[in-house]
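Asks: Here's a sequence, model it:
(3 chains)
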Amino acid sequence: MTEPSKVSPLSVPQHQPAAGGIAARARAASGPRYLDGLNPEQREAVETLEGPVLVLAGAGTGKTRVLTTRIAHILSQGRARPNEILSVTFTNKAAREMKTRLGQMLGHAVEGMQWLGTFHSIGGRILRFHAEMAQLKSNFTVLDVDDQVRLLKQLLQAEDIDDKRWPARMLAGLIDGWKNRGLGPSQVPPGEAAIFANGKGGKLYASYQERLKILNAADFGDLLLENIRIFREHPDVLRQYQQRFKFILVDEYQDTNVAQYLWLRLLAQAPSNSSSLPGLTRQSIGSSQDGSPGLDASRRPGDDEQSVTDGEKEKSTPPAKNICCVGDDDQSIYGWRGAEVDNILRFEHDFPGAKVIRLERNYRSTGHILSAASYLIAHNEGRLGKTLRTEDVDGEKVTVTGSWDSEEEARAIGEEIEELQRKGEKLNEIAILVRASYQMREFEDRFVTLGLPYRVIGGPRFYERAEIRDALAYLRVISSPADDLAFERIVNVPKRGLGDATVQLLHDHARKRRIPLFEAARAVVETDELKPKARGSLRDLVAQFDRWRAQSEVTAHTELAEVVLDESGYTEMWQKDRSADAAGRLDNLKELVRSMEEFENLQGFLEHIALVMDRDGEAEDEAVSLMTLHSAKGLEFDNVFLPGWEEGLFPSQRTLDEQGRAGLEEERRLAHVGLTRARRRAKLYFATNRRIHGTWATTIPSRFLDELPPASVEITESKGGSGWGGAGGYGPSRFDNVESFGSSYTTPGWQRAQARRGRSNEGQKRGGFDEDQSPFSGSRSDASSRGDFGFSRNKRGPLTIEGELVAKSTGTVSEFSLDDRVFHQKFGYGHVVKIDGNKLTIAFDKAGEKKVVDSFVERA
DNA sequence: GACATCTGGGTTTTT
DNA sequence: CCCAGATGTC
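Replies: Sure, this is the predicted structure:
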């Protein structure tokens, strides 16, 4: 099919700016209540309903408010009904928040907003309606990463490919990447398809897709990719959605990947009657002409040359209707998983006639924090440019604290938190944001010792936990007997004596007769191919499932779940498990059953589970939040601690190596995100020594520290007591004579990285200011004197803090005695070896000796 | 087939 | 350093 590339600017905007403006002003006097308190830019973003709109919303500028108010506006103006508004977010959390806030604004629950959700949930929804067009049934299963890998492993085995040399995980990553870029098996550039398993990559991708259809399953990428294909192959279907969605709103537009972009583009085109108009040329998705080189490969962040696609795209840009994308190019931090900052940078090209509105007034942070964040991000080149301003006071300066090692860093932060607490700060308003999740452990250890309540945000997703997936697998097999992956997962969990050999036999049978594993099991039981023990065991299992399936017709699904977990022996398996987290797993299972109550039936529950399950119901107790920078996006706290600002860790060496300059910029945006989470206090830390992969390494302060405005930064001494501190109040800087630590680097951090990066990208360009203005340059103690500090100078924290803790907990005398057997949520079982007030020293069976406040353990 | 031990590999971020 | 997967042993 030829591309009708001459549809050019069909005079896009229907709106008359002048009239609209007047109308807006007229309304202002007596305007609806929900518009009250919006600043002019926000208001414009809300009221510009016609044509494409890009709202560049810096951190803390009221982005969510604009989005929700806009929806409220559309509804109250009667411009569309709730189910005619497509509103997409990235995370379930964001979707939920929008729903909540919309409900508050409209004063009633937001029924009917069926199209408010994540890209994936909406894509999944659409796909279920047209499943047969993708050779699926409407009750298809959404596979998680684990299932994917398992499936790929089987394919690799079938192809006789060494799973070691070519890990299934890697292939899963590749396929995911292709799907993120909107590429089906036939469209993967040959060069790329060849890099896996000596050229078999593309073929494997194709057979993977085939297998998915047979299993009636789709992976995350398919939820969008199949939509796109359906839209392109069935213009009538596409038109149906184009007509339905009168307004489209997109949150976090900077995080969209190519597939999401294409999906949006299709939906955002004005419905055309000439069905010969698939529009969309960006990279000829789904066109049967196979992938010519240059399809897409060019579009990686960091490659700046793609003027070819650019020109071509522009010619055929179809008219776009009322799409409003909200985002912040400075907060694009998901490039590594396929997000294209480019999407937002090129919005005006992609949607001609677009109105761009900048929200630059920040309502969150103090002056110093904002200036630090702005100054830092100004070092990036690829940005649309925004200048955040605030009318808030300057507030406290951003502090930078160096410490000897990561342990001391944790200690220092722990003490500062206690100090803040004494000043009356709420623990809920304190967060520690780390670059990598392994940094969290040290803080957890420290807080456990201090008895400081904390909670980890993000962590392993609820539905990714083994026990949840196991439980779900049982339910999946009940609901769809053909779900081989689910069956395989639980066939021997708990142990039933059905090992690899048995499963292999079932596979053979299933393949020979082209039946699902479960049916194969039923058949095999009737033969004598299995040893009596396995045979009996398998027969019982089949019988059990038959029974459950029958029961599912008459029993409530929550009750069924309980019965299944019970009768299968699954619950018992964990009850017998003595490991530390068994109790938590049982809790999770209960939580799972409880969460099922929200759904009508098992089917409904399973359909939504993979997409919607994330950890809800976090306890609302006062606690410090601990999370990665990535999961902090969208959150805000009065006090934010940012540890680990060291070269290699932050910016991450790996990102630098793999993505070069683009990676550095993304890391810098991550730093910017971190800083802008803070309302009143931002505290940065770096350690001189850090354990990486088990061995100690000397590190140098992050280049990002040098990119902060001196006037807004204060270098402080480590409250942990040791570390730097000494001479003249100066902290270390990248100009440290690092040689004395055995490092071969004599140049500043960024220079070193520059040298390393040379191959992948053009050299580093500096913007901004002179090195000498760095807050870290200038006089300071020389390196050799530093070794003296170590831990010895540490006078330990003020005793008053401990006193408080004692008073707060059960009393001065512990209820435990020496040698008592105890259980701890995190460390498991152990016995008491020392008692000091309410502080116990416990020798844990697995975790070794730890000091723990007694309220954290219970008698075993 | 189940369990113990070993080795090698990977350690960012996630719908 | 820690984990998962693979191998080896009973």
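Asks: Tell me how many other residues crowd the residue of the stretch 251-400 of chain A found nearest DNA strand B.
Replies: Of the residues in the stretch 251-400 of chain A, the one nearest DNA strand B is A:W336, at a distance of 3.8 Å by C-beta to the nearest atom of the strand. Bear in mind the C-beta positions are built from the backbone N, C-alpha and C, glycine included. Neighbours of A:W336 under the rule other C-beta atoms under 10 Å: 15.
Asks: Near DNA strand B, which residues of the stretch 251-400 of chain A are found?
Replies: A:I333, A:Y334, A:W336, A:R337 (C-beta under 7 Å from any atom of the strand).
Asks: and the gap between the second one and DNA strand C?
Replies: In this case it means A:Y334. Per C-beta to the nearest atom of the strand, to the nearest Å, A:Y334 is found 24 Å from DNA strand C.
Asks: wait, isn't that residue in contact with A:Y253?
Replies: No. Assessed by C-beta atoms under 8 Å, A:Y334 is found out of contact with A:Y253, at 11.8 Å.
Asks: Name the residue in those two with the higher neighbour count.
Replies: Using other C-beta under 10 Å, the more surrounded residue of A:Y334 and A:Y253 is A:Y253, with 28 against 19.
Asks: Show me the beta-bridge partners of the nearest residue to the more buried one once chain neighbours are set aside.
Replies: Among residues not flanking A:Y253 along the chain, A:G327 sits closest, at 3.4 Å (C-beta to C-beta, 6 or more residues apart in numbering). On the basis of DSSP bridges, A:G327 is bridged to A:L56.
Asks: Which parts of the stretch 251-400 of chain A are helices?
Replies: A:258-268, A:307-315, A:341-345, A:347-350, A:367-377 (DSSP state H, counting those that start in this stretch).
Asks: quick one: which of those helices is nearest A:L38?
Replies: helix A:367-377 (20.4 Å; C-beta to C-beta).
Asks: quick revisit: in JSON lines, list the residues of the stretch 251-400 of chain A next to DNA strand B along with distance to A:K426 and pLDDT.
Replies: Compiled in JSON lines, these are given as follows (distance: C-beta to C-beta, whole Å; pLDDT from 0 to 100):
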{"residue": "A:I333", "distance to A:K426": "27", "pLDDT": "91"}
{"residue": "A:Y334", "distance to A:K426": "30", "pLDDT": "88"}
{"residue": "A:W336", "distance to A:K426": "34", "pLDDT": "81"}
{"residue": "A:R337", "distance to A:K426": "34", "pLDDT": "81"}
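Asks: Can you lay out those as JSON lines showing distance to A:L475?
Replies: As requested, those are exported to JSON lines (distance: C-beta to C-beta, whole Å):
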{"residue": "A:I333", "distance to A:L475": "35"}
{"residue": "A:Y334", "distance to A:L475": "31"}
{"residue": "A:W336", "distance to A:L475": "33"}
{"residue": "A:R337", "distance to A:L475": "29"}
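Asks: so which helix or strand takes in the residue lying closest to A:L156 once chain neighbours are set aside?
Replies: Closest residue to A:L156 apart from its sequence neighbours, by C-beta to C-beta, 6+ apart: A:D163 at 5.3 Å. Secondary structure assignment for A:D163, by DSSP states H and E: no helix or strand.
Asks: Contact partners for A:D163?
Replies: A:D163 sits next to A:K153, A:L156, A:Q157 when contact means C-beta atoms under 8 Å, 6 or more residues apart in numbering.
Asks: distance of A:T688 from A:V434?
Replies: Going from A:T688 to A:V434 by C-beta to C-beta, to the nearest Å gives 18 Å.
Asks: And the pLDDT at the residue of the stretch 151-300 of chain A found nearest DNA strand C?
Replies: Nearest to DNA strand C, among the residues of the stretch 151-300 of chain A, is A:D163, at 5.5 Å (C-beta to the nearest atom of the strand). Listed pLDDT for A:D163 reads 72.
Asks: Low-confidence stretches in the stretch 1-150 of chain A?
Replies: For the stretch 1-150 of chain A, applying pLDDT under 70 flags the ranges A:1-31, A:109.
Asks: typo on my end, it should be the stretch 601-750 of chain A
Replies: Low-confidence segments of the stretch 601-750 of chain A, defined by pLDDT under 70, span residues A:610-620, A:694, A:718-750.
Asks: mind running it again at 50?
Replies: The stretch 601-750 of chain A contains residues with pLDDT under 50 at A:617, A:720-750.
Asks: Start from the N-terminal end of it and give the helices.
Replies: A:602-612, A:629-632, A:653-675, A:703-706, A:749-757.
Asks: which other helices and strands contact the fourth one?
Replies: Looking back up the chat, that one is helix A:703-706. Under the contact criterion of 3 or more C-beta pairs under 8 Å, 6 or more residues apart in numbering; DSSP states H and E, helix A:703-706 touches helix A:653-675, helix A:749-757.
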